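Asker: Can you look at this prediction? I've put the sequence above it.
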Amino acid sequence: MKNNLFEIFKIFFIIGIQLLGGGYVIVPLLKKYLVEERKWITEEELIDYYAMSQCIPGIIAGNIAICCGYKIKKTVGAVMAVAGVIVPSFLCIIILANVLINVVGNEIVQNAFWGIRIGVIVLIIITIRDIWSKSVNSKFSYLLYFIILACLMLLTISPALIILLSALIGIIYTKLRGEKND
Amino acid sequence: MIKIYFLLAYEFMKIGVFAIGGGYAALPFLYYIQEQYNWFSLDELTNMIAVSNITPGPIGINMATYTGFTTAGIFGSVIATVSIVFIPFLFCVSIMKIINKYKTCSYINDVFLGLRPASCALLTSIALKLLYTTLSNSNSAFHFPFKFDILSIVLFLILIIPFSFMRKNPLLVILFGAVCGIILKTLY
């Protein structure tokens, strides 16, 4: 497994360039590059990091990148990962900001981004389908999934709180099941 | 001038810590900065948000870079961008260290037993909310009666049907969405 620092930076840089239409796209991109192509992290780890990133302060896409980078090569890996994700947007703004201001109201650009927004939704849906079997695969997880989904859709409740609660539920559930088996 | 750098670092660290959730959580903080310091006008801020939306990268990061750049040049943008990720970085690395250290502890595995379905549910709720606001062409949350934008539904179906069967490349979905977006809107 060749994962020298430049390689890590390069992969996250490539991911950073493709982050069009907001940070959500980072989950499918990490899945493609880190899980499927490089096998640096597992699908389960990606799901875990996504959940963790919700309850760590900060920009979610940045947080997932940092966690993945740490997993690949400890703290230096994390630095490389976050740098890789930031640099493309940084350069883009520094170099192109003045051009982009004139382009932003353009109808064709608006229409393209209308299409991109729908593309992002399609990507998220496909990603859910892909990670489904790894995350929702028992009676307990089905139940938890639908309860949490209902809470998120119907109540205004912070995702961070949801994640912390479900972590607690995970512990309690195992405890209860353990006692039943004894 | 030095003072501006410190203020930028302070304000963006604050955004990094308190703007939990998507990039849009940073918006109220940016309006606050605008009012408080007058480094840029309200019009400029509106432009910055619009540009951040069409540049690659998380919107929060784009806005930090752009606000820093408008306020204090390239050095300002470096400070703002580094500041916004600095404290979350410390958090992430510490949590990863703890997880690594107690990998064998059963509690960690129990935690993830609850986290994985939660993670999936979070993604689903984001998809459903985005789907609703985009397909109904509105910015608000659910409200009756539903009014759906036919063109958005058509594009959604055009994208989801082939890409559910193909071995997918995320960039391809995005670019195909952009091209179809231009074509569909021009035709109608």
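Answerer: Sure thing, it's come through. Numbers count the residues shown, from 1 in each chain, chains lettered A, B, ... in the order given.
Asker: Regarding B:A72, what is its secondary structure?
Answerer: helix (DSSP: H, G, I helix; E, B strand; the rest coil).
Asker: I'd like the distance from it to chain A, if you could.
Answerer: The gap separating B:A72 from chain A is 13 Å, by Cβ to the nearest Cβ, to the nearest Å. From N, CA and C alone the C-beta is placed, and that goes for glycine too.
Asker: My read is that that residue contacts B:L8, right?
Answerer: Yes: B:A72 lies in contact with B:L8 (Cβ atoms under 8 Å); the separation is 6.3 Å.
Asker: list residues touching both of the two?
Answerer: Common contacts of B:A72 and B:L8 (Cβ atoms under 8 Å, 6 or more residues apart in numbering or on different chains): B:I79.
Asker: More neighbours: these two, which one.
Answerer: Shown here are B:A72 and B:L8; by other Cβ atoms under 10 Å in any protein chain shown, B:L8 has more neighbours (26 against 19).
Asker: tell me which element the more buried one falls in.
Answerer: helix B:2-18 (DSSP states H and E).
Asker: Tell me the buried residues in that helix?
Answerer: B:I4, B:Y5, B:L7, B:L8, B:A9, B:E11, B:F12, B:M13, B:K14, B:I15, B:G16 (16 or more other Cβ atoms under 10 Å in any protein chain shown).
Asker: Nearest to A:R177 among those residues?
Answerer: Nearest to A:R177 among the buried residues of helix B:2-18 is B:G16, at 39.0 Å by Cβ to Cβ.
Asker: Would you mind confirming that the closest one is in contact with B:C92?
Answerer: No: if you go by Cβ under 8 Å, B:G16 and B:C92 don't touch, sitting 11.5 Å apart.
Asker: intersection of neighbour lists for the two?
Answerer: Shared contacts of B:G16 and B:C92 (Cβ under 8 Å, 6+ apart): A:G58.
Asker: is chain B contacted by stretch A:6-15?
Answerer: No: shown here: stretch A:6-15 not in contact with chain B (Cβ under 8 Å from any Cβ of the partner chain), separated by at least 9.2 Å.
Asker: Can you get me a residue count around the closest residue to chain B within chain A?
Answerer: Closest approach between chain A and chain B, counting by Cβ to the nearest Cβ: A:G115, at 2.0 Å. Here the number of neighbours of A:G115 (other Cβ under 10 Å) works out to 27.
Asker: Do you know the pLDDT at it?
Answerer: Reported pLDDT at A:G115 in the predicted model: 91.
Asker: before we move on, what about A:T75?
Answerer: Note for A:T75: predicted pLDDT of 94.
Asker: how close does it sit to B:V78?
Answerer: 20 Å (Cβ to Cβ, to the nearest Å).
Asker: These two: who's more crowded?
Answerer: Between A:T75 and B:V78, counted using other Cβ under 10 Å, B:V78 has the larger neighbour count: 19 against 14.
Asker: Quick one: list the elements packing against the helix or strand that contains B:I95.
Answerer: Taking DSSP H and E as the definition, B:I95 sits inside helix B:59-101. With contacts defined as 3 or more Cβ pairs under 8 Å, 6 or more residues apart in numbering or on different chains; DSSP states H and E, the packing partners of helix B:59-101 are helix A:43-55, helix A:60-103, helix B:2-18, helix B:27-37, helix B:42-54.
Asker: Spatially nearest residue to the residue most central in space within chain A, not counting backbone neighbours?
Answerer: The centroid of chain A falls nearest to A:V27 when counting by Cα atoms, centre = their mean (3.7 Å). Excluding the flanking residues, the one nearest A:V27 by Cβ to Cβ, 6 or more residues apart in numbering or on different chains is A:T127, at 5.4 Å.
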